[in-house]
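Asks: have a look at this fold, sequence not included:
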C-alpha cells in the first residue's frame, strides 16, 4: 500500500496544482480576455496597414486566378497584367501609348479602358496596380529562385576577393565562404506560388507572445507568490515527501500553462491566417513563402508549422521556468515585478541596439526577446560570431533554449526546496510612532502605506531620479527654415491685420522678383547666379509655411503666434510619443505605489474587520482614497511638471493668451492656449484619478498583491506600450484616451 501511494502522490500533486491554478474564475477570465485581446490585436494590426490599399479578399482572388499555374506561368501572366495597367494609367493621363506599345490594337485598348474591363479585382486602377505589383513580387521570387541562389554564389566570390574580407582567418571571410555551401542543397527546388501572408500572419505576430507571457505569469503567481503572501507555503514542510515533489509539480503546472497559452493563442492565429489569406498548398517548400525566400531550410510549410509550434512551446516553457525561478527566489512580490521588468528591459535593449555584425551579437540573438521572434529564426539565414567562427543561428537557438530551460528548471526546483516564507510586512509593523498619541484612522493608513508599504521610499527614489535625470533643454532648430519661421512668426505676432496681409504680399513679390532675376542670369550663362541669390531666397520655404498659416487664420480665426513650444505640449506630431511616455511613467508608478493599499488588507486577513467594525468600509475607503490622492499628486507632479517647465522655459511663453485655434491641430478649440494647457493638465490628472480607482477595484477583487500588479499592468500600462509600438487602436483603450488627449 505504501509503495502504491508513493507512486501516485506526485501525479496527484500535479493534478491538484493544475486545479488550483486553472480553476479559479479570475484565471479563466484573464485567459479568455487575453485570447480575445490577441485576436482583436491581430485583426487591428492587419486591417490598419496604411500603405495597403486593397483587401485580403482581393489578395486571395489574385492567387486563386493563378492557382493551377507554375511559377513561370504565373509570373508571365501577372507581368502582362501589370503592363496592361501601365498602359491604362498612361491613357488616364491623356498620353499616347501607340508609340511605346506598337503591337497593341489602339481601338480595342480604348474600348477596354472606357468599359473598365481591366479592373479584375478592385474598383480603381491605383489599387489594382498596387495589388498586382505586390503579388508579382512574391511570384517573381518563386520563379527566379535558382537565379537567387546563383547570386549568392556570385556574391560570395566577389566579396571574398575584396581586400576588406580577404583575410581567411576573419569571421567575415569564413561567414561569406560558408554561405554558398549552406544553400547548395536547395538548388533545383521547384517553388509553387501561393499566398504568403497567411503564413506570416499566423506565425509572425509578436503581440501574441506578450499575451502568452502574461498568461504564464498569472499561473506562476497563483501557485507560488500568492501562496507565499498567504503563508500557505509553510504547509509544504509537513507534507508527505516534502518540498521537492511539490516543487516539481508546480514546475510541471507552469509548463502546462505554457502549453495552454500556446494552444489558445495560436488557435486564434492559425484560424485568422487561414480565413484571412489562406495557406495554399501546405506541402510546398517554405521558400515559396516570400518572407522565407532567404531561409536555408528545405522543409514544407506544414513541417515549418510543426517546427514553429514545438519551438514556440519550448520558448514559452523557458519563460515559465524563468518566472518560476524569480518568484521562488524573490522574498517579496515587489521584487518579482521589478526583477522581471529589469530583465525584459535589458533583453529588449540588447536585442534592438546591438548590431547584427557586432562581436556582441550572441547577446542580441541568445536573448528572450529574440527567442520570441521565432518566425524570423526560421525565415532568415544567419550565422553568429562565436569566438571568430560562424555558427548557424538555428543550431545555437536550439542548444541555448535546451540548456537555459534545463538550468532554469533545475535551479527553480532547488530554490523552491530551500526557500523561506514571505513575512507580511504589515504584521511586522508596531505602529509605535502613534502609540499613545493618536488613534487617527487617516494617520494609521498613512503609516501603513508610506512606511509599511515602502511607498515613501519609492516616491523618494522617483523624486531623486527626476531630480538627477533633469536636463534643461534648449530651443532646437532642425534646419535654417525653422529659424526663419520663428523670425516671421515673432514679427507678425498678434491678429491678422490689413498691414500684415500687405507685408505678406510684398514678401511674395520680393521672392518672385528674385526668382525671375536669377532665372534670367542663369539663362545668360552666369553660373554663379544661384549663389548670388542664395541669401535672398533662403527664407522662402519658411515664408510659404507662414503664408499657408495666414490663409488658415483668415478662414478659421486666431492669431500669429510662435507655436513650436506649444505644439510639443499639446500633442502635435512634432512632439512624437512624449505624451505616451509621460503617461506610461505616471501609470507605472501609480501601479507600483498604490496596489499595496488594498491588497495588504486581504493579504493579512484584516479585510474581515472592515466588514464588521463600526468604522468599516466607507471611512477606511475615504482615508485610503485621501492617501492615494496624495501619492497620485506627487507622482503627477514629478512626471509632468519638469517637462512642461522645460519646454516653456526653452521656447518662451510669447502669445500664450492667444486663441488655441491659432494652431492648426487645435482648430475648433474656443479658448486660449493657456486655458487649453491648464485643461490638458486637469484632464490628465483626472485620468490618473480614474486609474487610482481602477487599481483599488482590482486590488479588492484580486486579493493578492502580485495578481493586482499583473492585472493593473495589463489594463493600464499594456495599452500604452502597444500604442507606442505603433498599434494606433490602443489609444482608445483603458484610460489612454484621457492620458493621451
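Replies: Cool, the structure landed. Note that the structure is a prediction, hence the values are computed from the model and not measured.

Asks: can you pull the buried residues of stretch 23-42?
Replies: The neighbour-count check on stretch 23-42 (16 or more other CB atoms under 10 Å) flags 24, 27, 30-31, 34-35, 37-39, 41-42 as buried. Placement of C-beta: from N, CA and C, glycine included.

Asks: and what of stretch 390-407?
Replies: 390-391, 393-394, 396-397, 400-401, 404-405.

Asks: could you chop this protein up by domain?
Replies: Domain segmentation of the chain under automatic domain parsing yields 2-23+42-49+193-418, 439-471+579-739, 480-562.

Asks: reformat the ones you listed as CSV; add mean pLDDT and distance to residue 573.
Replies: Converted to CSV, the domains of the chain look like this (pLDDT from 0 to 100; distance: least, CB to CB, whole Å):
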stretch, mean pLDDT, distance to residue 573
domain 2-23+42-49+193-418, 85, 18
domain 439-471+579-739, 83, 8
domain 480-562, 84, 14
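
Asks: got a markdown table for those, with distance to residue 138 too?
Replies: Formatted as a markdown table, the domains of the chain follow (distance: least, CB to CB, whole Å):
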| stretch | distance to residue 138 |
| --- | --- |
| domain 2-23+42-49+193-418 | 4 |
| domain 439-471+579-739 | 24 |
| domain 480-562 | 41 |
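
Asks: what does the helix or strand residue 536 falls within contact?
Replies: Under the criterion of DSSP states H and E, residue 536 resides in helix 534-537. If you take CB atoms under 8 Å, 6 or more residues apart in numbering as the criterion, helix 534-537 is touched by 510-511, 514-515, 518.

Asks: which among these end up buried?
Replies: Buried among these by 16+ other CB under 10 Å: 511, 514, 518.

Asks: now, which of the residues you listed lie within helices?
Replies: In helices, judged by DSSP state H, the following of those are found: 511, 514, 518.

Asks: how far off centre is the helix or strand where residue 36 lies?
Replies: Assigned by DSSP H and E, residue 36 belongs to helix 25-47. With CA atoms, centre = their mean, to the nearest Å as the basis, helix 25-47 stands 16 Å off its chain's centre.

Asks: and for stretch 476-490?
Replies: 34 Å.

Asks: what residues of that stretch count as buried?
Replies: 481, 484-486, 488-489.

Asks: cool, and stretch 727-741?
Replies: In stretch 727-741, counting by 16+ other CB under 10 Å, buried: 727, 729-731, 733-736, 738-740.

Asks: now the helices: where do they sit in the stretch 151-300 of the chain?
Replies: 171-183, 197-203, 207-220, 226-229, 243-276 (DSSP state H, counting those that start in this stretch).

Asks: and the shortest one, what does it pack onto?
Replies: Helices and strands touching helix 226-229, as assessed by 3 or more CB pairs under 8 Å, 6 or more residues apart in numbering; DSSP states H and E, comprise helix 705-712.

Asks: now the helix it packs on, how far from the centre of its chain.
Replies: For helix 705-712, the distance to the chain centre is 21 Å (CA atoms, centre = their mean).

Asks: give the contact list for the most far-flung residue of the chain relative to its centre.
Replies: Centroid-distance maximum for the chain: residue 524 at 57.4 Å, with CA atoms, centre = their mean. If you count contacts by CB under 8 Å, 6+ apart, residue 524 has none.

Asks: and residue 718, how many neighbours does it have?
Replies: Using other CB atoms under 10 Å, residue 718 has 20 other residues around it.

Asks: in which helix or strand would I find it?
Replies: helix 718-724.

Asks: and that helix, what's buried?
Replies: 718-723.

Asks: please pull up the helix or strand immediately following it.
Replies: Next element after helix 718-724 (DSSP H and E): helix 736-739.

Asks: now the strand or helix carrying residue 585: how far from the chain's centre is it?
Replies: Using DSSP H and E, residue 585 maps to helix 578-604. When distances are taken as CA atoms, centre = their mean, helix 578-604 is centred 21 Å away from the chain's centroid.

Asks: buried residues, that helix. List them.
Replies: 579-580, 582-604.

Asks: before we move on, the earlier item: quick one: the buried residues of stretch 390-407 as CSV, columns for distance to residue 628 too.
Replies: Listed next are these as CSV, based on distance: CB to CB, whole Å:
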residue, distance to residue 628
390, 56
391, 53
393, 49
394, 51
396, 49
397, 46
400, 44
401, 43
404, 41
405, 41
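
Asks: quick one: which of those sit in strands?
Replies: Secondary structure from DSSP state E places 390-391 of the buried residues of stretch 390-407 in strands.

Asks: which pair in the buried residues of stretch 390-407 spans the largest distance?
Replies: The largest separation in the buried residues of stretch 390-407, counting by CB to CB, is between 390 and 405 at 25.1 Å.

Asks: show me where the stretch 451-600 of the chain has its strands.
Replies: Using DSSP state E, counting those that start in this stretch, the strands assigned to the stretch 451-600 of the chain run over residues 494-495, 559-560.
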